[in-house]
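Asks: Below are the sequence and a predicted model for it; my questions follow.
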Amino acid sequence: MLAVLVLRVGPQPFLDGLARTDPRAIAYALVVTAATTACCARRWSLVAGGLGVGLPFGPAYRACYRAQVLNATLPGGVAGDVHRGYRHGRDAGALGRGLRSVVWDRASGQAVQVALAVACVPLLPAALRGWALGVLAVVVLVAVVVLVAARREAVAVLGGVWPEVVLLSALAAVGHGTVFVVAARTAGVSAPTSDLVALALVVLLVSAIPLGIAGWGPREGAAAGAFGAAGLGAATGVEVAVVYGVLSLVATLPGLLVLRGRRAAHPGRAMEGGRTWANVPTSS
């Protein structure tokens, strides 16, 4: 996808995006990402608790930061989440539930982001509305099927905490959206903020598809198509996506501080069959 974009718009938008990234935008991305990571960590802690493998906020926060830096540097963009689910499940003595806690965490966040994207469809260019509604309808249908198939676990996971999960997910999505708007302003785009927010939600949804190289690929392709349809130019979309990619990468670098840190301390090791927990020491 990146090769196709280079052939279509040339290398200059990529180079311009790298050149335009400035320290103020990086500082903003660092602060906002610290806040969005806190939202995601709290959400994961709540969801994992519903599966009986809960973990405190502090270890969850460190694990989420570590996952982000791995997502931003390894192919696919989900390796960090697989790692945190595996590590948490192994430490808790319930590998399957540890992995599923991350699946539910990511899925709940994406579901709220889809809802926000649906709400912003009227702000999209006319050429994008039909396509966006079609894609979002498919996503919603898949989500409904999954919820029906796993309704018992969905109730256990989200039962009494879904309002907080929705709020935390919305705050995280808004945070990522504002970083995208800052990236657009840094690239010199003067379009109304409301239009940029709508475009951001579409681009960020596509960028969640685990087919890129450390997040690069689908994001730039989606930005090129969305900005082109909005009359802002495909090259401009690529440039904005590159700036956003750089900001996102730098903003995850605090995760390096805990990349090789000790594992999260768990309150206990889960027993099979829904029995009680027995406290055990965790390894470092």
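Replies: Cool, got the structure.

Asks: number of nearby residues for the closest residue to Leu199 other than its chain neighbours?
Replies: Among residues not flanking Leu199 along the chain, Ala226 sits closest, at 5.0 Å (Cβ to Cβ, 6 or more residues apart in numbering). In this view, the C-beta of every residue, glycine as well, is placed from N, C-alpha and C. By other Cβ atoms under 10 Å, 27 other residues sit near Ala226.

Asks: For Ala226, give me its contacts.
Replies: Contacts for Ala226 (Cβ atoms under 8 Å, 6 or more residues apart in numbering) come out as Leu128, Leu199, Val202, Val203, Gly237.

Asks: Now stretch 221-240: average pLDDT?
Replies: Throughout stretch 221-240, pLDDT has a mean value of 92.

Asks: For that stretch, output the C-alpha coordinates as CSV.
Replies: Below are the C-alpha coordinates for stretch 221-240, written out as CSV (Å, rounded to 0.1, in the frame of the first residue of the first chain):
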residue,chain,number,x,y,z
GLY,A,221,-4.1,4.9,2.3
ALA,A,222,-7.3,5.8,4.2
ALA,A,223,-6.1,9.4,4.6
ALA,A,224,-5.2,9.8,1.0
GLY,A,225,-8.7,8.6,0.0
ALA,A,226,-10.6,10.6,2.6
PHE,A,227,-8.7,13.8,2.1
GLY,A,228,-9.0,13.4,-1.7
ALA,A,229,-12.8,12.9,-1.4
ALA,A,230,-13.0,16.0,0.8
GLY,A,231,-11.3,18.1,-1.8
LEU,A,232,-8.2,18.6,0.3
GLY,A,233,-6.0,16.4,-1.9
ALA,A,234,-4.7,12.9,-1.6
ALA,A,235,-1.1,14.1,-1.1
THR,A,236,-2.3,16.3,1.8
GLY,A,237,-3.9,13.3,3.4
VAL,A,238,-0.7,11.3,3.1
GLU,A,239,1.3,14.2,4.6
VAL,A,240,-1.1,14.5,7.6
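
Asks: So which bits of that stretch are buried?
Replies: Using 16 or more other Cβ atoms under 10 Å as the burial criterion, the residues of stretch 221-240 that qualify are 221-230, 232, 234-240.

Asks: thinking again about what came up before, find the helix or strand that the residue nearest to Leu199 is a member of.
Replies: helix 218-229 (DSSP states H and E).

Asks: I'd like the next helix or strand past that helix.
Replies: Taking DSSP H and E as the definition, the helix or strand right after helix 218-229 is helix 234-251.

Asks: helices or strands up against that next one?
Replies: helix 2-9, helix 12-20, helix 23-50, helix 162-186, helix 218-229 (3 or more Cβ pairs under 8 Å, 6 or more residues apart in numbering; DSSP states H and E).
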